[in-house]
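**Student:** My questions are about this predicted structure, shown below with the sequence.
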Amino acid sequence: MLNKRLELLSDYAFAKLNTLLEPIQPQANLPPLVLSVGDPMHNPPAFVHEIIGNRPPESWNRYPPVNGSPEFRAACAGWLRRRYRLPQGMIDAERQIAPCAGTREGLFHAAFLAVTPSESGERPVALMPNPFYQVYYGASVMAGAEPRFLPADQSTGFLPDLGAIDPVLLKRTQIMFLCTPGNPQGACAGLDYLRGAIHLARKHDFLLVVDECYAEIYNGAPPTGILEAAASLGGSLDNILALHSLSKRSSAAGLRSGFAVGSPATIARMFQLRSYSCAATPVPISEAAVALWNDDAHVEPIRRSYQEKFALAERVLGKRRGYYTPEAGLFLWLDVGDGEAVTKKLWAEQAIKVLPGAYLTRPDAEGRNSGVPYVRIALVHDLETTEAALTRMARAL
Ligand SMILES: Cc1ncc(COP(=O)(O)O)c(C=O)c1O
């Protein structure tokens with residue numbers, strides 16, 4: 001009676017973590033600290049509450065516009081131009097921006113935009129990095145594609161090696177997900193890499209979906225974006241869909257506000273899909289989102305707070321073998337030898353929850369799972385809590 005594809009989605013990482021830790025009683029005298037989930041815990045700027053709180057009751061009585069307001073689309077396009085120094089006119093806000101309820105929704109929709117069951121019976125392929133954000137997998141499965149994983153481990157610089165993809169697979173590929181800055185490894189693709197990805201997508205005519213939701217949280221120079229690569233190739237967004245979000249940039253995951261940017265043809269299809277499927281953003285939330293995308297000043301202290309936490313992590317854990325400070329993102333991807341065993345130990349001895357790396361990876365054809373030695377540690381709390389957590393962690397490790 002129920003869709004059989006759903007059976008393939010039964011090993012969601014956080015459900016597995018609950019099963020792993022359920023039988024374990026954490027140290028009773030320590031306050032539990034959860035560093036397994038990536039919920040940003042800083043506060044969004046106060047104007048968000050003012051905008052939403054000051055709206056009259058009738059702001060809530062109508063269905064919001066499915067594709068957002070012209071002001072929303074213009075604010076997103078304006079931010080893209082500033083952030084990526086794009087030429088004037090490269091992005092047509094009305095035809096190339098679609099809102100989404102966080103990048104999660106946009107990523108899920110992307111698979112339904114791209115994947116068409118082939119008439120020959122050959123299964124379409126969805127390529128994604130390994131480790132991967134769970135939604136790439138879930139969306140691909142539900143859209144009827146075969147998920148195929150591209151190693152993105154230490155040996156490949158934590159990004160998929162685009163030159164190493166089997167040409168036979170590329171023939172069947174209809175969508176490829178890239179995550180830059182990457183979750184969990186924090187690696188950022190450079191301009192040449194991104195240009196290569198665009199060439200590959202156009203050569204094999206698949207949709208290149210670039211998840212850039214961590215684009216504003218970085219430790220060094222601002223990470224390059226796929227739109228900069230597209231600009232350097234003439235400005236067309238054919239075969240490209242990039243996803244952005246206020247969740248990390250503005251520490252406003254609860255707003256559920258993000259957007260997709262792509263070619264007019266892709267976004268027209270996305271608008272069409274949204275008419276049937278989307279959770280349209282309520283008008284007051286969309287107005288708060290406009291103010292957030294139009295303002296860069298509030299992002300600086302948020303970014304700085306992550307930089308302070310990474311500096312702290314380096315002081316506390318930096319001498320460990322395999323420790324590295326990521327270029328960007330919210331996470332430490334720490335080689336601890338056996339991620340599951342250490343996750344259990346940290347919970348039992350220190351009441352600290354982290355995520356075993358293997359819950360974000362799949363074994364390769366030889367059965368080797370590159371995530372096994374790792375744990376993912378989300379630096380999402382304030383500095384003081386993070387210090388307490390990392391100190392307790394260092395003690396147990
Ligand atoms: C890699 C990646 N992509 C997308 C998302 C979804 O974020 P949101 O829907 O809040 O924009 C997350 C959330 O943690 C993520 O880690």
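**Tutor:** Great, that's in hand.
**Student:** Next, count neighbours for residue 345.
**Tutor:** Neighbour count for residue 345, taken as other C-beta atoms under 10 Å: 16. For the C-beta atoms, the positions are set from N, CA and C on the backbone; glycine is no exception.
**Student:** same deal with residue 368?
**Tutor:** 11.
**Student:** do residue 364 as well
**Tutor:** 13.
**Student:** Verify the stated contact: residue 186 with residue 326.
**Tutor:** Yes. Counting by C-beta atoms under 8 Å, residue 186 does reach residue 326; the two are 2.3 Å apart.
**Student:** what do these two both touch?
**Tutor:** residue 333 (C-beta atoms under 8 Å, 6 or more residues apart in numbering).
**Student:** give me the residue from this protein nearest the ligand.
**Tutor:** residue 102 (2.5 Å; C-beta to the nearest ligand atom).
**Student:** Contacts only, for that residue.
**Tutor:** 245, 247, 253, 256, 257, 258.
**Student:** what are the phi and psi angles of the fifth one?
**Tutor:** Note on residue 257: backbone dihedrals following degrees, to the nearest 10 are phi -140, psi 130.
**Student:** Leaving out the residues flanking it, which one is nearest to it?
**Tutor:** residue 289 (4.3 Å; C-beta to C-beta, 6 or more residues apart in numbering).
**Student:** quick one: contacts for residue 60?
**Tutor:** Residue 60 neighbours (C-beta under 8 Å, 6+ apart): 282, 283, 284.
**Student:** Show me which residues of the stretch 201-350 of the chain sit near the ligand.
**Tutor:** 211, 213, 245, 247, 253, 258 (C-beta under 6 Å from any ligand atom).
**Student:** try 8 Å
**Tutor:** 211, 213, 214, 243, 245, 246, 247, 248, 253, 256, 258 (C-beta under 8 Å from any ligand atom).
**Student:** what's the closest of those residues to residue 109?
**Tutor:** Minimum separation from residue 109 among these (C-beta to C-beta) is found for residue 243, which lies at 9.7 Å.
**Student:** sec struct for the closest one, please.
**Tutor:** When classified by DSSP: H, G, I helix; E, B strand; the rest coil, residue 243 comes out as strand.
**Student:** Can you get me a residue count around it?
**Tutor:** Residue 243 has 27 nearby residues by other C-beta under 10 Å.
**Student:** looking at it, it is touching residue 100, isn't it?
**Tutor:** Yes. At 7.2 Å, residue 243 counts as touching residue 100 under the criterion of C-beta under 8 Å.
**Student:** okay, and the common contacts of these two?
**Tutor:** In contact with both residue 243 and residue 100: 106, 258, 259, 260, using C-beta under 8 Å, 6+ apart.
**Student:** Can you show me the strands along this protein?
**Tutor:** 33-34, 97-100, 125-130, 146-151, 173-179, 207-211, 240-245, 258-262, 331-335, 352-353, 355-356, 374-378 (DSSP state E).
**Student:** Throw those strands into TSV and include mean pLDDT and distance to residue 1, thanks.
**Tutor:** Formatted as TSV, these follow (pLDDT from 0 to 100; distance: least, C-beta to C-beta, whole Å):
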stretch	mean pLDDT	distance to residue 1
strand 33-34	94	36
strand 97-100	98	30
strand 125-130	98	26
strand 146-151	97	24
strand 173-179	98	28
strand 207-211	98	31
strand 240-245	98	33
strand 258-262	98	33
strand 331-335	97	39
strand 352-353	96	36
strand 355-356	98	33
strand 374-378	97	36
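**Student:** so the residue nearest to residue 257 touches residue 249, yeah?
**Tutor:** No. Shown here, residue 289 and residue 249 do not form a contact pair, counting by C-beta under 8 Å, at 10.8 Å.
**Student:** Looking at the two, which is more packed in?
**Tutor:** When residue 289 and residue 249 are compared for neighbours, residue 289 comes out ahead with 28 against 25, by other C-beta under 10 Å.
**Student:** ok, now how distant is residue 156 from residue 182?
**Tutor:** 11 Å (C-beta to C-beta, to the nearest Å).
**Student:** between the two, which one's more packed in?
**Tutor:** residue 182 (28 against 17).
**Student:** quick one: contacts for that one?
**Tutor:** Residue 182 neighbours (C-beta under 8 Å, 6+ apart): 129, 152, 158, 159, 188, 214, 329.
**Student:** redo that, cut-off 7 Å
**Tutor:** 129, 152, 158, 159, 329 (C-beta atoms under 7 Å, 6 or more residues apart in numbering).
**Student:** what do you get for residue 142?
**Tutor:** Residues counted as contacts of residue 142 (C-beta under 7 Å, 6+ apart) are residue 5.
**Student:** cool, residue 392 as well?
**Tutor:** With C-beta under 7 Å, 6+ apart, residue 392 has these contacts: 350, 352.
**Student:** how about the nearest residue to residue 37, chain neighbours excluded?
**Tutor:** Leaving aside its chain neighbours, residue 37 sits nearest to residue 378 (6.2 Å; criterion: C-beta to C-beta, 6+ apart).
**Student:** What number of residues are in the vicinity of the one you found?
**Tutor:** Neighbours of residue 378 under the rule other C-beta under 10 Å: 24.
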